[in-house]
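coords below, sequence missing:
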């Protein structure tokens, strides 16, 4: 178990994403919003929590058959696109205040997805060797 991961910037963003997605889910459920809103929020809670556990338990290193940071970036970008569309609809249509609140929290979640993708992208280097620095010339 990597006890430092929750305190790292990436871990904090993952926790934040999970919590904001859960609040978004609660807003959509309480307001009896359209099923697509609720489904997107619950999927985001589950997927982000699973990635958090993957890094916390260091399973990404044990399951080396997949480059997990790249899969995580892909997840963050796709989630951001879906959140942009769904939450803008929720805000524009605003059936009630719960739907409006869920849409606003969803847009906050969208920003956290982008921050997460940027942090991950900075962590990996696609053009150099992984795990060590190249010597300066």
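Yep, that arrived. All of these numbers come straight from a predicted model, not from anything done at the bench.

Would you mark the buried spots in stretch 79-89?
Within stretch 79-89, the residues that count as buried by 16 or more other C-beta atoms under 10 Å are 79-80, 82-83, 86-87, 89. Backbone N, C-alpha and C define where each C-beta goes, glycine included.

what's the average pLDDT for that stretch?
Averaging pLDDT along stretch 79-89 gives 91.

contacts for that stretch?
Residues external to stretch 79-89 that are found in contact with it (C-beta atoms under 8 Å, 6 or more residues apart in numbering): 36-37, 40, 44, 47, 102-104, 106-107, 109-110, 113-114, 117.

Return the closest of these with respect to residue 68.
Among the contacts of stretch 79-89, residue 47 lies closest to residue 68 (C-beta to C-beta), at 12.8 Å.

Report the next helix or strand after the lowest-mean-pLDDT helix or strand in the chain in sequence order.
Sorted by mean pLDDT, DSSP states H and E, the helices and strands of the chain end with helix 59-62, the least confident at a mean of 79. Scanning forward in sequence from helix 59-62 by DSSP states H and E, the next helix or strand is helix 68-93.
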